[in-house]
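1. Structure of the sequence below:
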Amino acid sequence: MSEMSFSSEQLNKLKSAMEKALEPETGKEASAQESATLEMPNIEKWDSKGTVLAKGTYLRVDDDGMAAWLYLAPPDRKQTYVKSDLETFLQRSGVVKGFHSSNLSAMIKKKVYDREILVAQGMPVKEGTDGYFEYLFTPEEYGVPKIRQDGTVDYSNMSALQNVRKGEKVAIYHYAVQGEDGYTVLGGEMKAKPTRDMPPMRGKGILRENDVYYAQCDGKIEVKDGKIDIQNVHEISGDVDMIIGKVEFFGDVIIHGNVESGVTIRAGRNIEIHGTTGCAKLFAGGDVILSRGIQGGGKISARGNVFADFIENTTVEAGGMVQSNTILNARISAKDKVITTGKRGAIIGGYTHAVKGIEVMTAGNDVEVKTTLHCGYEAEQFDKLIETKRKEAETKQKLSELVETMTEALREKRMRGSATSKTTEAKLSEWNRMKDEYFAELDKIGNDREKLEEIMERSKGAYIKIDGNLYRNVVIGINAEQIIMDRNTCFMKYTADRGIIEGSVIVHN
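-> Residues are numbered from 1 along each chain as shown. Presented below is the predicted three-dimensional model:
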């Protein structure tokens, strides 16, 4: 008997035929499908209409859903792709918006295979803009001080004065522009934020025509709380001496000459003095700008800031900050900060207090003149707050007891009616007067307490920073604590933690 041999292909066919013969009837349909797949190993049927793409084809969508990339495997030699095949594949894969039609066409026409191609792209949200006013002048309050060659700061170019003439355009309103919604390639929607228009501008000295605003008069223009304000300015080109004696104006006062000793200037807004200032008294509802400083024992009281080339032997009270090149033997109190500028930036002698902090280049001098730097709340303010709270609690207790007494008396009066004695009526009248006094007192005490509590809050994080030399006999005070320097040092920053003043070395990179 001759020996029979089978090739590998014949053995596989024989094995397949034997497996089919042993299969149950219910499996015939599935086996037929498997057989069809084997006949076309590179083709994957995925569409009931008969559309096919080669195996290995895949679609990748970016994590944010804004782009889809198609990797197209080469078709079987008997298969030809058309653009609709790719579009159907994208849609069945969940990509429904933003088709990149030209790329899909190019993939078919140029037979771009085996690499990822951008086939769909989302539309990002295009945010709109709110309505806004375009100012036709510079709304900043001051120019930027110049630094001299010696490192000091020149305050002479600082001015709050910006003049306009009657009829000039001062602002134009631009209406809100609505945004455009976006979408992802998967059909997700992204809404643009709604925009809003602003109400017409309010202010003094302006006239509106359509969306343009004009100056109604000559004067100084500025922006306060989003409102244009044009005010008259009182300007004096020469000096102010004892012959003039006093200058009072509800707006801004600008003096281009000197202010001699004995003069008093009161301004409802800002004071600018471009010459020297002697022992004068300056009161401003806004800021005070002294291009050449002040000396001789005068006084400055400003609700806003104080800027000066130097301050010597002067008392200064500022609702904002105090900034100067040099402070000598002065008494300074600021609700914000005290900052000495320039290369030297010294505070020598006197008492300097700022609620938020002090920044100085040099504190004290070689002569060891006593110089006190204090920030945060002052000890007497803390004591006053404690006393105010005590008085408030005491007054509330008195009021409570009085109200209880009055309530009982009124109850008795209702029971007796017209039989109420004149003595009771007199007492009720007196008690009612006392009640009103207690309420008035509580209002005053409450206002005082709130102001002191505001100071305590503003004092948090207060510091004293010496970015140069710190001499012996300088007193460093923070809140209710203080230390006296017993030796010279430099580059220090002082803060307070739990009632203890701590110093740290300033490190310059």
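2. What residues does the residue lying closest to residue 379 once chain neighbours are set aside make contact with?
-> Counting by Cβ to Cβ, 6 or more residues apart in numbering, residue 480 is the residue found nearest to residue 379 once chain neighbours are left out, at 4.4 Å. The C-beta positions use only the backbone N, C-alpha and C, and glycine is treated the same way. For residue 480, the contacting residues are 377, 378, 379, 382, 499, by Cβ atoms under 8 Å, 6 or more residues apart in numbering.
3. and the least confident of those?
-> pLDDT across these is lowest for residue 379, at 79.
4. and it, how many residues sit next to it?
-> A total of 14 residues lie near residue 379 under the criterion other Cβ atoms under 10 Å.
5. I'd say residue 201 and residue 172 touch.
-> No: Residue 201 lies out of contact with residue 172 (Cβ atoms under 8 Å); the separation is 10.5 Å.
6. Need the overlap of contacts for the two.
-> Each of 133, 213 lies in contact with both residue 201 and residue 172 under the rule Cβ under 8 Å, 6+ apart.
7. secondary structure class for residue 197?
-> Here residue 197 is coil, with the state taken from DSSP: H, G, I helix; E, B strand; the rest coil.
8. Next, the closest residue in space to residue 239 that isn't next to it in sequence: phi, psi?
-> Nearest non-adjacent residue to residue 239, counting by Cβ to Cβ, 6+ apart: residue 257, 3.8 Å away. When read as degrees, to the nearest 10, the backbone of residue 257 gives phi -110, psi -150.
9. Pull the contacting residues for residue 257.
-> Residues in contact with residue 257 (Cβ under 8 Å, 6+ apart) are 236, 237, 238, 239, 240, 274, 275.
10. is it possible to export those residues to TSV including neighbour count?
-> As requested, the contacts of residue 257 are exported to TSV (neighbours: other Cβ atoms under 10 Å):
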residue	neighbour count
236	16
237	8
238	11
239	16
240	23
274	18
275	16
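11. got JSON lines for those, with secondary structure and pLDDT too?
-> What follows is the contacts of residue 257, written out as JSON lines (DSSP: H, G, I helix; E, B strand; the rest coil; pLDDT from 0 to 100):
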{"residue": "236", "secondary structure": "strand", "pLDDT": "90"}
{"residue": "237", "secondary structure": "coil", "pLDDT": "88"}
{"residue": "238", "secondary structure": "coil", "pLDDT": "91"}
{"residue": "239", "secondary structure": "coil", "pLDDT": "94"}
{"residue": "240", "secondary structure": "strand", "pLDDT": "93"}
{"residue": "274", "secondary structure": "coil", "pLDDT": "94"}
{"residue": "275", "secondary structure": "coil", "pLDDT": "94"}
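12. just curious, which of those residues is nearest to residue 176?
-> Of all the contacts of residue 257, residue 176 sits closest to residue 274, with 43.3 Å by Cβ to Cβ.
13. I'd like to know how far the residue nearest to that closest one when sequence neighbours are not counted sits from residue 310.
-> In space, and not counting its chain neighbours, residue 274 is closest to residue 291: 4.6 Å by Cβ to Cβ, 6+ apart. To residue 310, residue 291 is 11 Å away according to Cβ to Cβ, to the nearest Å.
14. Phi first, then psi, for residue 84.
-> The phi/psi pair for residue 84 (degrees, to the nearest 10) reads phi -60, psi -30.
15. Also residue 294?
-> Torsion angles at residue 294 (phi, psi; degrees, to the nearest 10) stand at phi -140, psi 140.
16. and the closest residue in space to it that isn't next to it in sequence, what does it touch?
-> Nearest residue to residue 294 in three dimensions, chain neighbours excluded: residue 277, at 4.1 Å (Cβ to Cβ, 6+ apart). Counting by Cβ under 8 Å, 6+ apart, residue 277 makes contact with 258, 259, 290, 292, 293, 294, 295, 298.
17. is it possible to export the residues you listed to a markdown table including distance to residue 154?
-> Listed next are the contacts of residue 277 as a markdown table, based on distance: Cβ to Cβ, whole Å:
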| residue | distance to residue 154 |
| --- | --- |
| 258 | 18 |
| 259 | 19 |
| 290 | 12 |
| 292 | 10 |
| 293 | 12 |
| 294 | 16 |
| 295 | 18 |
| 298 | 22 |
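18. sorry, back to before: which residues does the residue nearest to residue 294 bridge with?
-> residue 259, residue 294 (DSSP bridges).
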